[in-house]
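[1] what follows is a protein structure lacking sequence information:
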């Protein structure tokens, strides 16, 4: 798989193939933690913590362009102007249920972020997404929005979630996932070329059941210990 570099000082990402809005993480800590996630012997508690840690590392890069404004701060020595995040608070929108596993890692970085939810389930035969819930922070059109899902497989759920958010007024949208298949990347990137997509690792392909290979199994089951 060919990549070409995306250069910026201090940045640990590469751009994926022909999609300028798709950014693949290269930081060794992310790669190491994803390898631990893949291990079938990694237990629920450790798996959950790893998902949170990877989400935090990805968010550190994804939120690099949060707007700032200077405010006056009085230090123990003197008053000075110092930058703080400007505008409406960040909106974090996990895709239920697996996306919930990434929330704590990001709120550890941005504790004031608002959290919405998009509920989707995938038809086991057609693999098409179906919405059953959508609740977003208001006003959504004035916020940077981070959509979360550990896995980007077919791209159907991610594409549908972004569709719902845009219909509700969302404009500045980023999508964060841990593992992605080329099929899902292409679908989401083509459907929404205006959003930024951050990926921990690009895996080989989907199998006949639309599971990512080599993948890490069902992320939701492994996060919540339901299987």
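    Sure, I can see it. Just so it is clear, the model here is predicted, and its values are computed rather than measured. Residues are numbered from 1 along each chain as shown.
[2] okay, buried residues for whichever strand or helix holds residue 48 please.
    If you go by DSSP states H and E, residue 48 is part of helix 44-62. Under the neighbour-count criterion of 16 or more other Cβ atoms under 10 Å, helix 44-62 has 47-59, 61-62 buried. Heads up, the C-betas are built off the backbone N, CA and C, glycines and all.
[3] and stretch 140-153, by the same measure?
    Residues of stretch 140-153 classed as buried by neighbour count (16+ other Cβ under 10 Å): 140, 143, 144, 145, 146, 147, 148, 149, 150, 151, 152, 153.
[4] where in the chain is pLDDT low?
    Within the chain, the ranges that satisfy pLDDT under 70 run 1-12, 127.
[5] who's in contact with the residue nearest the centre of it?
    Compute the mean C-alpha point of the chain, and by Cα atoms, centre = their mean the closest residue is residue 176, 1.5 Å away. Residue 176 makes contacts with 55, 58, 59, 62, 102, 146, 147, 148, 149, 198, as judged by Cβ atoms under 8 Å, 6 or more residues apart in numbering.
[6] just send those back as a markdown table, with distance to residue 206 too.
    Shown next, in a markdown table, are the contacts of residue 176 (distance: Cβ to Cβ, whole Å):
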| residue | distance to residue 206 |
| --- | --- |
| 55 | 23 |
| 58 | 22 |
| 59 | 26 |
| 62 | 25 |
| 102 | 21 |
| 146 | 25 |
| 147 | 20 |
| 148 | 21 |
| 149 | 15 |
| 198 | 20 |
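[7] which one of those residues sits closest to residue 136?
    Closest approach between the contacts of residue 176 and residue 136, by Cβ to Cβ: residue 147, at 10.6 Å.
[8] which strand in the protein has the most residues?
    strand 172-180 (DSSP state E).
[9] name the residues that touch the next helix or strand after that strand?
    As assigned by DSSP H and E, the chain's next helix or strand after strand 172-180 is helix 182-191. Contacts with helix 182-191, where a contact means Cβ under 8 Å, 6+ apart, come from 1, 16, 19, 21-22, 152-156, 158-159, 162-163, 175, 197, 199, 202, 204-206.
[10] hmm, 7 Å instead?
    The contact list for helix 182-191 (Cβ atoms under 7 Å, 6 or more residues apart in numbering) reads 16, 19, 21-22, 152-155, 158-159, 175, 197, 202, 205-206.
[11] and for stretch 54-73?
    Applying Cβ under 7 Å, 6+ apart, the contact partners of stretch 54-73 are 11-13, 25, 27, 29-30, 33-34, 79-87, 102, 105-106, 108-109, 144, 146, 148, 174, 176, 178, 198, 200.
[12] circling back to that earlier point, the longest strand of the chain pairs with which strands?
    Within its sheet, strand 172-180 is paired with strand 144-148 (parallel), strand 151-152 (parallel), strand 196-202 (parallel), according to DSSP bridges.
[13] shouldn't residue 102 be in contact with residue 95?
    No. Look at residue 102 against residue 95 with Cβ atoms under 7 Å: they stay out of range, at 9.7 Å.
[14] what do these two both touch?
    residue 148.
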